[in-house]
Structure formats: structure tokens, C-alpha cells
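S.K.: Kindly generate the corresponding structure for this input.
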Amino acid sequence: MGFSKRSDDVKRRDGVVFMRRWVCSNEGYRRKEYLNMPNRKKRPKPITCTGCQAALRVVRLKDNNIWLARVFSYEHNHDMVSVAELQFLRSNREVSDGLPAQVRSMSSIGIKTSQIMSHVALQSGGYERILLTKKNRLANVFWEDETSRNDYIAFGDVIAFDTTYMTNTYNKPLFILMGVNHHFSTYVFGFALLVDETVTTYSWMLRVFLRCHNNKKLLVVLTDGDNAMQGAMRENLPESTHRLCAWHLTKNAFRAWNDPGFTKGFVDLMYTYYLEEVFLNKWNNLIETYQMEDSEWCQLQCIRRRMWAETYLHGQFVAEMRTTQQCESMNFCFKKILLKRYTLREFITAIDLAVTKMRHIERQHDYMSKHTLPQLPDQTDALRIYYEQCSKFYT
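M.R.: As a prediction, the model looks like this:
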């Protein structure tokens, strides 16, 4: 449920804004001269103004520059829009220039506009999954299928996020949500073609992803530490554990201080479980030894230590995913099959084919697991009986 708002009034003093007012988009009425036009040539637009009085007015206090709400009217005289209708609100269409070149490319080869929208809606899981600009141009697209939804129920506790570029002619980031299945093979739960990498865009993507999966929350999310993604996670996944990629941290540690000794010490703190007091002592000794007290990178990692140190993450189920290497491998594979000249239809079709191949490999693994047995240790091994039992229950 929701409504759209618009800016109504702004006042400045010496060039500085000190008062602003926002109103409901249904505020006011259409002017009479536009209602009765005898020589009208175009069909009139539908009337949306209902005289709604909902509004918010804020002022900046002169003494301390604090903004204060002076007027807040929350009662509307019209119905709120449903969740499926939120995409049509003017406020939700106010996004930066999206991907209009994609639609033009498909249109240039003779595909009708209605067919373009139907195709994108089908891949996205419905028209409510498509975000449009205020000029009805395509901005963000998220798509998955029923198989991904079912597998998310079984394997969606730990997911890695990553973006890749240079996969399409529009040079827009392709966002991949992936995890591992019961064979410890990489599995993709969804894709998103985004207009940019901001908190707003990432938040939209996470909301759509969760809505597709009945708001089943994630236990652990693994990322490369992107600040915009961290902001989106705090807003949409506050209860999930955010874990930083160990591979990226190791690489950045070497960049911060080009000394193998420092990198080795940092990796030890990242992978080894210590009591918190011992960990802090070792961290301080490492910083003092290499005289990195003024290093901004080290100060940041100390603040974020609960997102990478085994001391604080010990016992957390991560499905053996400590890095985003699965994402990097997937990106490499996609870049081999995705050509920059592809139109949107060709782009999505190529990705679907890659996912189909991935699922075919999973079926092969299932077959091997069900119809074959692993090679067991020598007959004299005292634990052989337990190996035999495990071979029947585990893949």
C-alpha cells in the first residue's frame, strides 16, 4: 500500500533553503480551462488530482540548522495503491536514465513494443517486477524461474552477491545471486540487470528478490564489501550476517602494505579462531609491528572485524563459502558466452541457456550420487563400517 508525493513549495533565505513542503500527488484539482477545451486535438489525460490534503512541511531552525516538521497531515481522500501497482507511482518512476538502448535495439529488428514488454515481464516473473522510468523506459530487470525458487528453499541460507561488467552493449552491471547446492556446486538463484550500483537500486533488487521468495530471509550474505550493498543490506536484511570475501580482503591487505609478513598475519587472524581478547592483542601487535597505526584501511577493517574474523563468525553456517570465487568463476563463464552486441532478448536467452547447462550438470551429479558409491578405504580400516553408512546418506 502506498501513494506518490511531489514537491510543492520551497523558500530560501540568502540563497539557502529554510522551508520545504511536499504534498500527495493527488493534491489540488485540474484547472478548469483544461477541463473544457472545445478545440481539443488530443485525448485528455485521466484526472488524478482529488484535492487530497496529505502534506508534510519542514523548516530549518535558524539557531542550530536542525530541520523540524511543522505540519504533517497524513489523511488521504483516496485509496492507496496495492503492492502490484507501486511501479506506476510517479515517485517510483523517478530514476536515472536506465536502459533505453535495449528497447530501441529490439524495436529496430521489428519486435513490437507490446512483445518487448511481454518478454521482459515473462523473464522478470511478472510486470510488477519491472521498474520503469517516468517516461516508461526500462530501468532495472530482475528475473528467475520456478526451479530457482524451489532450490532457494533448500539451498538459500547462504548467498554470494557479485556484479560483472562488459557483458552487454549498454555496459550496465549484471548482478548475480548465487550459492551452492548439495553437491557443493555453484547454483544461481537469480539475475538482475541494473541501471547503476547505488543503495536505492540495490534495495529495489533485494526487495524484489525477497518478495519472489515469500520473504524468506538469508542467514549469511557474502560480498566483496561494496558500500552501497552494505547500505541496502542494512535496510532490507538487518537480521542476516554480512560476511566479507576472504579473497578480496587478502588481496587488499597486500595492497595496503606490500609485505608478505603482514598479509600472513592478517590471514591468520581471518581464518583462525581466537578468544576475543587474544584476537585484539594479536591485531594490535600486528599493527604496531608494521607501523600501520595511521592506515585508513586497517582502521576500517578493525571496525568491520565482525564481518571477517573467525573469532566473531565462529560457528556460523556458511556452506564452506569463504570467498566469492564462485561468483568470479561464473562471471568468467558468462563473459565467454555473452557478446556485447547482444540485444536484450539475446542477452537473456544466452544466460538462460547457461543456467540450463548448469542444471544439466546438477542432474548428472544427482545420478552419480544415487546410482554409484564412493571408493571406500582399505578393508582393514577400523572406520570402514562408518564410511559405508555415510556413503549411503551423503552425496
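S.K.: from here on, contacts and neighbour counts on C-alpha atoms
M.R.: Fine.
S.K.: for the stretch 151-300 of the chain, what spans make up the helices?
M.R.: For the stretch 151-300 of the chain, applying DSSP state H, counting those that start in this stretch gives helices covering 199-212, 227-236, 246-256, 260-271, 276-289, 296-303.
S.K.: So which of those helices is nearest Ala309?
M.R.: The minimum distance between Ala309 and the helices of the stretch 151-300 of the chain falls on helix 260-271, with 4.5 Å, by Cα to Cα.
S.K.: Other residues contacting that closest one?
M.R.: For helix 260-271, contacts defined as Cα atoms under 8 Å, 6 or more residues apart in numbering pick out 246, 250, 253-254, 257, 279, 282-283, 286, 290, 308-310.
S.K.: for stretch 302-316, same thing?
M.R.: Contacts of stretch 302-316 (Cα under 8 Å, 6+ apart): 241-246, 269-276, 279.
S.K.: Return the set of buried residues in it.
M.R.: For stretch 302-316, the neighbour count (16 or more other Cα atoms under 10 Å) marks 302, 305-313 as buried.
S.K.: Mind exporting the C-alpha coordinates of it to PDB?
M.R.: Presented in PDB, the C-alpha positions along stretch 302-316 are these (Å, rounded to 0.1, in the frame of the first residue of the first chain):
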ATOM      1  CA  CYS A 302      39.200  -3.100  12.700                       C
ATOM      2  CA  ILE A 303      35.700  -1.600  12.700                       C
ATOM      3  CA  ARG A 304      34.400  -4.300  10.400                       C
ATOM      4  CA  ARG A 305      36.200  -7.200  12.100                       C
ATOM      5  CA  ARG A 306      32.900  -8.900  13.000                       C
ATOM      6  CA  MET A 307      32.400  -9.300   9.200                       C
ATOM      7  CA  TRP A 308      35.600 -11.200   8.500                       C
ATOM      8  CA  ALA A 309      37.400 -12.500  11.600                       C
ATOM      9  CA  GLU A 310      36.700 -16.200  12.600                       C
ATOM     10  CA  THR A 311      36.800 -15.000  16.200                       C
ATOM     11  CA  TYR A 312      33.400 -13.400  15.700                       C
ATOM     12  CA  LEU A 313      32.000 -15.700  13.000                       C
ATOM     13  CA  HIS A 314      32.900 -19.000  14.600                       C
ATOM     14  CA  GLY A 315      30.000 -21.500  14.500                       C
ATOM     15  CA  GLN A 316      28.100 -19.600  11.800                       C
END
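S.K.: what mean pLDDT does that stretch have?
M.R.: Over the span of stretch 302-316, the pLDDT mean works out to 90.
S.K.: roughly how far is that stretch from the heart of the chain?
M.R.: Relative to its parent chain, stretch 302-316 has a centroid offset of 22 Å by Cα atoms, centre = their mean, to the nearest Å.
S.K.: same question, stretch 55-64
M.R.: Here stretch 55-64 is found 34 Å from its chain centre; the criterion is Cα atoms, centre = their mean.
S.K.: Stretch 8-18 now?
M.R.: 36 Å.
S.K.: what's the first-to-last distance across it?
M.R.: Stretch 8-18 stretches 14 Å from its first residue to its last (Cα to Cα, to the nearest Å).
S.K.: excluding its backbone neighbours, what's nearest Thr323?
M.R.: Cys245 (4.4 Å; Cα to Cα, 6 or more residues apart in numbering).
S.K.: do Gly231 as well
M.R.: The nearest residue in space to Gly231 (Cα to Cα, 6+ apart) is Val199, at 5.9 Å.
S.K.: Is there a neighbour count for the one you found? I'd like the number.
M.R.: By other Cα atoms under 10 Å, 17 other residues sit near Val199.
S.K.: If anything else comes up later, I'll come back, but that's it for now.
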